[in-house]
Structures are given as structure tokens and as C-alpha cells.
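Engineer: Pasted the sequence and its predicted model underneath.
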Amino acid sequence: MNDKPDLSLSIAGIPFRNPVIAASGTFGYGREYAGLLDIAALGGICTKGLTLTPRAGNDGIRVHETPSGLMNSIGLENPGIPAFLEKELPALRELGPVIIANLSGSSVEEYAEGAHLLNAAPIDIIELNISCPNVKAGGMGFGLDPGAAAGVTRAVRRAAANKPLMVKLSPNAPDLCAVASACVAQGANALSLVNTFKAMAIDIYRRKPMFDMVSAGLSGPGIRPIALRMVWELCEQVSVPIVGMGGIATASDALEFLMAGAVAIQVGSATFAHPPAMNEIITGIAAYMRQYQIPSLADLAIRKTA
Ligand SMILES: Cc1cc2nc3c(=O)[nH]c(=O)nc-3n(C[C@H](O)[C@H](O)[C@H](O)COP(=O)(O)O)c2cc1C
């Protein structure tokens, strides 16, 4: 009987104790969840999307629940990278999990300057966010087209030569495989997907779109089967590690992504509804591996990646 399945993994040389990572924008900078779950037990934490200068985020309604998910239009509210490094990172670093800084921007130059600052900081991995659907300039704009994705990946790769680079992809890209391949060709060490799906809601009492920016990003259980299909297809196409996400709320959900070929998973919306979800996912994955005598995470994949 295999009593201690091995949940560890590494991405671009960074060791993780397990494959469960808090998704960007849903876990603040860690301290917000103190006392609500065992943060030290997590594999990793992705920060909220960070930009070079502070951003106030979008006006109007910012979140709206759907029958099987959540729509958001936060607009990358964040204190800016210098303030993050000074005020948030020291305590975040103390929590224990791998620290992944989610980097966003409105122009290639802004992304590169932000990457330059993160390159010198004690973070473990940069997650290059080219998939935020809720900003007027930049964001998802870079993630829809292979040429634009290649340009920003190249610039960030150059500016942050010391850090592993994971590019976070948009499910809204017309040709996701082409965008993924372009990022890998420019030096991405890993890919994460999916960010939210562009969606909309109408407030029938105000007779207006629910969100000031009209569209918003859909996450949660409703997107899971589509996200899973995208992860499966990309695992066939690219040779770098893939971190899967989209609607994962239970260990069974996480196991589907790991079986599809993801090396790790992220959990976002589920943490809002049930803060200990990630802890339960970790113990549930271990229990499954024990029950079915699966010695290590890599043995979970049901098809070997390219
Ligand atoms: C309120 C909210 C804020 C988010 N902010 C960010 C962000 O700043 N950067 C980013 O890359 N993704 C952001 N996301 C996307 C999540 O990290 C994740 O990709 C997406 O929600 C799908 O996972 P889920 O279905 O488990 O929530 C945000 C999602 C939500 C719900």
C-alpha cells in the first residue's frame, strides 16, 4: 500500500510541495485569507495582476453571480509593483508557498519595465497576464494574436532573464494553439490557462448592461468543461509544463485537469464560496492517489504530453 503519494512537482526548476495554486485576483496577497484556510499547505500563490503604476480599477458593478459561475470586471485594481514589493511581498514571502507574481500592463514597454522590477525581487515565477478581458488598453489584447503575444513575451523574457516565465493565456483567442506556440518560441517556460471568458449580463431593471464596460470575465464551474478541453488540446501541442484552471472546486475537478496533462492547477472562484476548498483539494488528490496506488503526480496523466 502506497501511504505517502508524492504530490511534489517542479516548474522551470522551482519546486512545489503540491500542485494546488491560488489563482490570480482571487486570493489578494495572501493576508486577506489569514485564519480562513491553511495557507502554508498550498503549493503556490499567484498575486493579483500587478502593473507598473497603481490602478484604481473599474467603476460600477464589479462582480455578478451567474447560475454556475461568477462574472467580474475588476479592472486590475492594484497598488503598483513598487508598493507591492515594499508593502505586500515581505509578508507574502513568509507564508511558505511558491510566490508567483501576475504581471499586467497596457503597453509592451510597461510590461517590460514591470518585469525588470520583478526580476530583482524575491518572487519565484512571473505569470505574464496577456488575458485580462476587463481593461481598455492592453491586457487580453496581447493574448488574442500570436504576433502580439510573441512581442510582449520576448520583451518580458529579456527584461526578466533571472525568473521563470509562465504566460497566462486567454480562452478568447481565436487560435489558442498559435498563441501558445508563439509564447513558447519566445522563451515562455510554462503556460497557464484559462483566464476568464468574455461574457455579458443586462440589468433588466436599469435597462442597461450590468457592467460599465459592457462585457466582463466569466469564471467558475460553468467554464470547466471548456477549460479542460483547451488544456487537453494544448498539452498535445506544446512541450512546456501547463498549469490548468477554470472552475475547479473539488479534488475530482482538479484530477480531471491533472489527467488531461496539466502539471499543476489553480483555483479561483471556488475560494470565494468556500475558502478551505484548496486545502480539501490537496487532501482529496492525495486520498485518490493512495486509493488507486498512484505513486506520483506525473503518473496521473492519462496521455503522455508531446
Ligand atoms: C474577481 C476575479 C479577479 C481576477 N483577477 C485576475 C487578475 O488580476 N489576473 C489574472 O491573470 N487573472 C485574474 N482572474 C482570473 C482567475 O485567475 C482565473 O484565471 C479564472 O477566474 C478562472 O479560474 P476559476 O474558474 O477557478 O475562477 C480573476 C478572476 C476573478 C474571479
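Structural biologist: Great, that's in hand.

Engineer: residues contacting the nearest residue to residue 31 once chain neighbours are set aside?
Structural biologist: Closest residue in space to residue 31, ignoring its immediate chain neighbours: residue 91 at 5.9 Å, by Cβ to Cβ, 6 or more residues apart in numbering. (Glycine included, C-beta is placed from N, CA and C.) Contacts here follow Cβ atoms under 8 Å, 6 or more residues apart in numbering; on that basis residue 91 touches 29-31.

Engineer: now the residue of the stretch 151-300 of the chain found nearest the ligand: how far from residue 125?
Structural biologist: Closest residue of the stretch 151-300 of the chain to the ligand, Cβ to the nearest ligand atom: residue 268 (2.6 Å). Between residue 268 and residue 125 the distance is 17 Å, computed by Cβ to Cβ, to the nearest Å.

Engineer: And for residue 232?
Structural biologist: 23 Å.

Engineer: who has more neighbours, these two?
Structural biologist: residue 125 (27 against 19; other Cβ atoms under 10 Å).

Engineer: any idea how far the more buried one is from residue 63?
Structural biologist: Relative to residue 63, and taking Cβ to Cβ, residue 125 is found at 27 Å.

Engineer: for residue 200, same thing?
Structural biologist: 14 Å.

Engineer: still on that earlier bit, so the residue of the stretch 151-300 of the chain closest to the ligand is in contact with residue 245, correct?
Structural biologist: Yes - contact criterion Cβ atoms under 8 Å: residue 268 and residue 245 qualify, at 6.4 Å.

Engineer: quick one, what contacts the nearest residue in space to residue 106 that is not next to it in sequence?
Structural biologist: Once flanking residues are discounted, residue 106 sits nearest to residue 138: 3.8 Å by Cβ to Cβ, 6+ apart. By Cβ under 8 Å, 6+ apart, the contact set of residue 138 is 104-107, 110-111.

Engineer: Counting only helices, which of those make the cut?
Structural biologist: Mapping those onto helices (DSSP state H) picks out 110-111.

Engineer: Give the ChimeraX command for selecting the buried subset of the contacts of residue 138.
Structural biologist: To isolate the buried subset of these in ChimeraX, counting by 16 or more other Cβ atoms under 10 Å, use the following:
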select :104,105,106,110,111
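
Engineer: Tabulate the contacts of residue 138 (CSV), appending distance to residue 151.
Structural biologist: Shown next, in CSV, are these (distance: Cβ to Cβ, whole Å):
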residue, distance to residue 151
104, 15
105, 12
106, 14
107, 11
110, 13
111, 10
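
Engineer: Between which two of the contacts of residue 138 is the distance greatest?
Structural biologist: 104 and 107 (11.0 Å; Cβ to Cβ).

Engineer: can you map out the helices along the stretch 201-306 of the chain?
Structural biologist: Using DSSP state H, counting those that start in this stretch, the helices of the stretch 201-306 of the chain run over 224-237, 251-260, 269-273, 277-291.

Engineer: quick one, which of those is nearest to residue 59?
Structural biologist: helix 269-273 (21.4 Å).

Engineer: what's the spacing between that closest one and its chain's center?
Structural biologist: For helix 269-273, the gap between its own C-alpha mean and the chain's C-alpha mean amounts to 14 Å (Cα atoms, centre = their mean, to the nearest Å).

Engineer: helices or strands next to that helix in the packing?
Structural biologist: Counting contacts by 3 or more Cβ pairs under 8 Å, 6 or more residues apart in numbering; DSSP states H and E, helix 269-273 packs against strand 69-72, helix 277-291.
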